[in-house]
Structures are given as C-alpha cells and as structure tokens.
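Engineer: sequence unavailable; structure follows:
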C-alpha cells in the first residue's frame, strides 16, 4: 500500500498533547559490500509508546494522512455493559479492539439523537459508560455542507495472550462521525518512538535519527503484512533525516530543480538510508525493532525510493493533460470522453480519511450542478484495485452518483496520472477543467468555497440551500 501524504480541511482540527518520549539505541555500521553475509548481524532497537506521536499537528506538518477504520454499531447491548448514562436518543453499541492481550476490548456507545450524537467510551474498562466523560464531542464543524463530529479519546491497549498481559499502555484514537454513518470511524494517533544511529560505512561515524513506528490497521499490532495481504495495512518507519521534526521528506536541489527523498518507509520493502539498504521487523507490540543491513534490492523497489522532483500544480489556462484510466468494470475511460463538459477531477484513495470525509460534500455539490453539463470524475490513485472495487461496490449508486475510475499506475510511474501528469502533491487534490479542456483551478484538500467560486468563473451557478 502506498504512502499517504494528505492535506485537507480536516487538518484544522488538531488534538493531543505535545510529548516526546524517546528510547535510544545504536545501529552498527553496515559491513563492506564484499563482507561475509554472516557479519551482518541484526540490531534490536527498543521503542517507547507515545500516545500522541502522530497527532493531527504532526501529521499535517509531515504531510501524512490517517487511514480510518469504520466501526459499525449495533442495537444489541454487549454483555460487559454494567452501567449507562441517561440517553436522550437511541443508543448504538460496539467494541474497539486494541492489542492482543486479555484487556484489549473497549466498550463504546453512541447516543444517536435528532441533532448530533453523544460518544461514550469505557476508557477505564470498568463496564460503566457513564464515568468516562460527558459524551460531548470535542468539536463539530460544517465540512462541505455536512456537520462532522470530532474527538480524540484514550483507550487501553493490552498486549500478550488471551490469558496473560505482558504490556499495556495509553493508545489514543482520532474519531469522527457524520450523520449518515451507521457508526463512526477512527484512526490511531499513537506510535512507537525512539532513535537510531545509521552510518554509510564502517569507517564513518553514524548519525542519530529520531524515528516513529506507525501501524495503520488501528489495532496496535505492528505485524508487517506480506505482499498482497489486504487483511492488514502497512506498517511505516518514519525517519527524521533532516532533523526538522517532521517526516515530510528530505529536500535537495540539482540545478534549478528541487527534489524530495522519502522519510517514510513501508516495512514490507527494504529501505535505504545514507546509502545502505535495510530490512526492519517490529515485535507485535512495536516495543522492539530489529533492523538488518541487506544488499541492494531489485530496481522495482529501488525506484520507489528515488528522489522525486517537486513540481507545482498546473496553472490555470494550461491544457489539461490527456489520460486514459479504467472504469470499475475494467473498461477504458479517457478525459476526452468528457469533451465539452466542465469536469471536476477529484484525486483520492480508499485509505485516505480526508478524501472519504470530503465525498458527501462533493456529492451534494454535484447534485446542484450536474444539469449544467458538469461531471465529477473521481479518480482513485496510489491504491489497490481490489480495495477500490470493494469500496465502489458498497458506495456507488447509493451514496455517490458521479463517475468513478481507477488509475492502475503505481506511484512514481511515468504513467501515473496524479504524480506525472497533474503534479498531485497529496490527497485529496482537485482540478477544475473548463469546457475547452483547460485547467480552470486546482486545490489541495477539500475547499468547497473556492471550488464554488471557480465554478462561477466558468459559467456554472451553484444555488444556495433553501
């Protein structure tokens, strides 16, 4: 699964306490290329759980995104609920599982009312949903015409076996809910922190880098999924190579061109730092990270970690680059198929939380303008085709009625519509293309007001809600 740099209006809502708990360890410098493979001893690095290592402020600064997990709530009350608050509406229940130990389940309830809801999480795991707060969300904001509720809440993470707990801690979740959701979605803002020392040669002194280990399945289990395993999401190693406190990328220049090298690495693949390749595997709790120097991998993996030229969004007045992608049914679809129409080109991915949060507003806008020969082309990029197909099957024709398509090109590929043709810096990114096939505007993140203003300039009227 690809990385997820994201900029969205959701980033305006930042939560969590500032904190930096670090554990240090030194990595032995890798041996020369002709050294005996047996000399490449793995090094074990101890990492410490930081509940807010990846809070919204840091994610925004690092141009990272969150990959939400949807929790569907039910009417049946779980057996573990011993006491409840006085609900004003209809309660719905669920269980959040964080860890693999005997106390990894946390009871939750949402009081669904005519206007808004209340969120109750049994953070202290005593079966009492009434003693962990008032149920008020941290904030409610209008996002693209929809009131979205946001909160950050702690849950207890438990590691070990079903009968014995070996480790526990405070795991923080970023939670959001829209009125149309059968439950809510959540993503972790916690991570494992530490420092590692890496050196390019045995003779050179290594350099110490701050690191954060991030799991994106939102269950506090740092198991690295095998290639093709869609039951789990990637585990990332974030390395602050330039010491700026973020993981947005290491910048460099060649002549008048600017390039960005990655500071986040999917642990399903080898990664390169200071000229040396490594593989890394965490323990299931993430408390220990084993890093092993390896030979250079094949060109396919190496190409994903090459510096990428930083290019600006396409300017208004430029001809929109032609492309051909795939419909959900696998048929070719090209930009030329929309000739004479105003096109709202939406770049998104199924793993992109802000992308999914912005879609209800995009659908609402589409219903207002579709009769003016306007089309929304929602192009899924940097994603897994099976995930795209599953998402479209569950949402197209029910929640969303505009056109969906899939770009099969991988990130960094010369055929990538997002990266190579439209210079997309993060998701969601949106382009407005006029009836002559020229770029009228471009936005990073969900910016409905600016989009409506741009639509007016190309002769499309957006009526206000009555």
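Structural biologist: Everything's here; your move. The model shown is predicted, which means the values in this text are computed figures rather than measured ones.
Engineer: quick check, residue 421 in contact with residue 323.
Structural biologist: Yes - taking CB atoms under 8 Å as the contact criterion, residue 421 and residue 323 are neighbours in contact, 5.9 Å apart. Using the backbone N, CA and C atoms, a C-beta is placed for each residue, glycine as well.
Engineer: same drill for the two, tell me which one is more crowded.
Structural biologist: Taking neighbours as other CB atoms under 10 Å, residue 421 and residue 323 compare with residue 323 leading, 21 against 18.
Engineer: helices or strands next to the longest helix along the chain in the packing?
Structural biologist: Taking DSSP state H as the assignment, the helix of the chain that covers the most residues is helix 353-369. Contacting helix 353-369 under the criterion 3 or more CB pairs under 8 Å, 6 or more residues apart in numbering; DSSP states H and E are the following elements: strand 139-143, strand 146-160, strand 183-188, strand 342-348, strand 374-380, helix 448-457.
Engineer: okay, now the sheet partners of the first one, with direction.
Structural biologist: In its sheet, strand 139-143 lies beside strand 146-160 (antiparallel), with partners assigned from DSSP bridges.
Engineer: please apply the same query to the fourth one.
Structural biologist: As defined by DSSP bridges, the strand partners of strand 342-348 come to strand 374-380 (parallel), strand 429-433 (antiparallel).
Engineer: relative to helix 353-369, how tilted is it?
Structural biologist: Using axes from the mean of the first three to the mean of the last three CA atoms, to 10 degrees, one finds that strand 342-348 and helix 353-369 are set 160 degrees apart in direction.
Engineer: on that earlier part again, most tightly surrounded among the strands paired with strand 342-348?
Structural biologist: Across the strands paired with strand 342-348, the average number of neighbours (mean count of other CB atoms under 10 Å) peaks for strand 429-433, which reaches a mean of 24.
Engineer: quick one: low-confidence ranges for the stretch 51-200 of the chain?
Structural biologist: Low-confidence segments of the stretch 51-200 of the chain, defined by pLDDT under 70: 144, 199-200.
Engineer: in it, which spans are strands?
Structural biologist: Under the criterion DSSP state E, counting those that start in this stretch, strands of the stretch 51-200 of the chain are mapped to 69-72, 90-97, 105-112, 117-121, 139-143, 146-160, 165-177, 183-188, 191-198.
Engineer: just put those in JSON lines and tack on mean neighbour count and distance to residue 227.
Structural biologist: As requested, the strands of the stretch 51-200 of the chain are arranged in JSON lines below (neighbours: other CB atoms under 10 Å; distance: least, CB to CB, whole Å):
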{"stretch": "strand 69-72", "mean neighbour count": "15", "distance to residue 227": "22"}
{"stretch": "strand 90-97", "mean neighbour count": "18", "distance to residue 227": "25"}
{"stretch": "strand 105-112", "mean neighbour count": "23", "distance to residue 227": "30"}
{"stretch": "strand 117-121", "mean neighbour count": "22", "distance to residue 227": "35"}
{"stretch": "strand 139-143", "mean neighbour count": "15", "distance to residue 227": "35"}
{"stretch": "strand 146-160", "mean neighbour count": "21", "distance to residue 227": "26"}
{"stretch": "strand 165-177", "mean neighbour count": "20", "distance to residue 227": "27"}
{"stretch": "strand 183-188", "mean neighbour count": "22", "distance to residue 227": "23"}
{"stretch": "strand 191-198", "mean neighbour count": "22", "distance to residue 227": "23"}
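Engineer: nearest to residue 457, of those?
Structural biologist: Minimum separation from residue 457 across the strands of the stretch 51-200 of the chain (CB to CB) falls at strand 139-143, 23.6 Å.
Engineer: just the helices in the stretch 151-300 of the chain please.
Structural biologist: For the stretch 151-300 of the chain, the helices defined by DSSP state H, counting those that start in this stretch cover 299-304.
Engineer: next, format the strands of the stretch 51-200 of the chain as TSV and append distance to residue 291.
Structural biologist: Shown next, in TSV, are those (distance: least, CB to CB, whole Å):
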stretch	distance to residue 291
strand 69-72	28
strand 90-97	29
strand 105-112	32
strand 117-121	36
strand 139-143	40
strand 146-160	21
strand 165-177	21
strand 183-188	23
strand 191-198	7
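Engineer: so residue 412 touches residue 306, yeah?
Structural biologist: Yes - with contacts defined as CB under 8 Å, residue 412 counts as touching residue 306 at a distance of 7.2 Å.
Engineer: more neighbours: those two, which one.
Structural biologist: Taking other CB under 10 Å, residue 412 and residue 306 do not tie; residue 412 has more neighbours (15 against 12).
Engineer: would the more buried one count as being in a strand?
Structural biologist: No - Residue 412 sits outside any strand when classified using DSSP: H, G, I helix; E, B strand; the rest coil, being coil.
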